[in-house]
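Student: What would the 3D arrangement of this be:
(one chain, ligands or ions: 2)
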Amino acid sequence: MKIGVFGGTFDPVHQGHIELCKTAIRELDLDCLYVMPNGNPPHKDGRTDASHRLAMVELAFRHLEKVKISDYEIKKETHSYTYETLSDFRKLHPDDEIYFLMGMDNLSYFPNWRHPEIICQLARLVFFGRAGYEQISEGAKQIAKQFGVEPILIPFDWDISSTEIREEIGQGTYLFHQLPFLVYQYIIRKGLYGCPAVGEYDSYEENLKNYIEEKRFLHSIGVAVTAYRMAIRYGEDPKLAYFAGLLHDIAKRMPLEKQLDLCKKIELHPDEVAYPKMLHAPAGAGFVKKKYNIKDKKLLSAIRYHTMGHRDMTTFDKLIYMADYIEPCRDFDGVEALREATFCNLDTAIIKGIDTTILSLVEEHLKISPVLLEVRNDLLEREQKGC
Ligand SMILES: [Fe+2]
Ligand SMILES: [Fe+2]
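Tutor: Ligands and ions are numbered 1, 2, ... in the order given. You can find the predicted model right below:
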């Protein structure tokens, strides 16, 4: 068997780590790859608690079949040097080929590690990176000369760093490609890296599973985390935005009669009655008010109008409306441009979003609700007036 070992702090794990593992499995034809977060040193070093880093790594790699998560170093009470970890690992896998994966930045430091000669006997060294190739081959030659082994060099270009993520995450920056959204959700649930914590809504999330299917559940989490991030960007309450995003589609799978019943006290637009698909929005607002006794007007309005929008939408309404459009599970043509536009100018993004919807309705030969045009024209007028 060919086994890879990839250690790191993973504070937090990000898309670059995932892509590196995929590349390693493919290029080295690995049967199995162990991802191994480092433990917390006995003296505090500012590192996020190991239990959180491990949980995030588990979420990030849950879809990669050949990846196994190892808590070996985390469980060890003392600091584990790589040569010790690999020695123990070798005992468990005496006949397998072991590949030890590292970032290219370790190439020049490697000779200064504790017992590099033992590491070289225990595993093949594999370096991934984007640095200038000449520099790399110099470093590799040095290792070959000093330790008599040929390191494997794999070009890898993925410009993401955990440090940057930690610095930017609290600012509502556009981070769609850097972090798997379930890792982002974990971060904000637990309030890591200075993010306001939303763990108080965990029970609502659990309860939500009773009302919608798995795919819509993931969509709802996607909307929640996107709305949270947008709220920071646009000066709204991120926790409330998360909560509204989580609940926005709660009535989607309810029978039509039930939805109509929930809308009894709500003034419906004729199009909402004409297109029953739209009803889950006002029904959802009616449901969360009744079931959870939620009276927050901002939250209820955002859920109520998340499908149709309306003239004079508040910024908070717009957050949920647009988060529903661009959340990470969406993958229609043009979604990427729409995501970037959303974090640049919310109104312009909504206009673009409505344009996309109108074009697809025209293509499918379907009717266009006048409300859609009203919202679009209203925003366009404001944009043109510069307000
Ligand atoms: Fe919806
Ligand atoms: Fe939705």
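Student: Show the contacting residues for Leu373.
Tutor: Ile358 (CB atoms under 8 Å, 6 or more residues apart in numbering). Placement of C-beta: from N, CA and C, glycine included.
Student: if we go to 10 Å?
Tutor: Counting by CB atoms under 10 Å, 6 or more residues apart in numbering, Leu373 makes contact with 354, 358.
Student: pLDDT of the host helix or strand of it, averaged?
Tutor: Assigned by DSSP states H and E, Leu373 belongs to helix 370-385. On average, the pLDDT along helix 370-385 is 88.
Student: Also stretch 101-120?
Tutor: Here the average pLDDT along stretch 101-120 is 89.
Student: buried stuff in it?
Tutor: 101-104, 106-107, 110, 116, 118-120 (16 or more other CB atoms under 10 Å).
Student: would you put the C-alpha positions of that stretch in CSV?
Tutor: C-alpha atoms of stretch 101-120 as CSV (Å, rounded to 0.1, in the frame of the first residue of the first chain):
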residue,chain,number,x,y,z
LEU,A,101,3.9,15.5,2.5
MET,A,102,5.2,19.0,3.1
GLY,A,103,4.9,22.5,1.8
MET,A,104,7.8,23.7,-0.4
ASP,A,105,8.6,26.3,2.2
ASN,A,106,9.9,23.5,4.4
LEU,A,107,12.6,22.6,1.8
SER,A,108,15.3,24.8,3.2
TYR,A,109,14.4,24.2,6.9
PHE,A,110,14.2,20.5,6.7
PRO,A,111,17.9,19.8,7.4
ASN,A,112,17.4,21.7,10.7
TRP,A,113,14.6,19.6,11.9
ARG,A,114,15.1,17.1,14.7
HIS,A,115,16.7,14.0,13.2
PRO,A,116,16.1,14.6,9.5
GLU,A,117,18.2,11.5,8.7
ILE,A,118,15.7,9.2,10.6
ILE,A,119,12.7,10.9,8.8
CYS,A,120,14.5,10.1,5.4
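Student: Which elements pack onto the lowest-mean-pLDDT helix or strand in the chain?
Tutor: Within the chain, no helix or strand scores below helix 133-147, which has a mean of 80 by mean pLDDT, DSSP states H and E. On a contact count with 3 or more CB pairs under 10 Å, 6 or more residues apart in numbering; DSSP states H and E, helix 133-147 meets helix 116-122, strand 124-129, strand 152-155.
Student: that older thread, please produce TSV containing the buried residues of stretch 101-120, extended by distance to Pro238.
Tutor: Output for the buried residues of stretch 101-120, formatted as TSV (distance: CB to CB, whole Å):
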residue	distance to Pro238
Leu101	36
Met102	36
Gly103	32
Met104	36
Asn106	37
Leu107	40
Phe110	42
Pro116	46
Ile118	48
Ile119	44
Cys120	48
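Student: And these, which two are furthest apart?
Tutor: Met104 and Ile118 (21.9 Å; CB to CB).
Student: doesn't Met308 make contact with Glu272?
Tutor: Yes: between Glu272 and Met308 there is a contact at 6.8 Å, judged by CB atoms under 10 Å.
Student: neighbour-wise, which of these two wins?
Tutor: Glu272 (23 against 19; other CB atoms under 10 Å).
Student: Please report how far the closest residue to ligand 2 within the stretch 51-200 of the chain lies from Glu327.
Tutor: When scored by CB to the ion, the stretch 51-200 of the chain has Phe181 as its residue closest to ligand 2, at 14.5 Å. Computed as CB to CB, to the nearest Å, the Phe181 to Glu327 distance reads 8 Å.
Student: give me phi/psi at whatever residue of the stretch 101-250 of the chain ends up closest to ligand 2?
Tutor: Ranked by CB to the ion, the top residue of the stretch 101-250 of the chain for proximity to ligand 2 is Asp249, at 4.3 Å. Backbone torsions of Asp249, given as degrees, to the nearest 10, read phi -110, psi 20.
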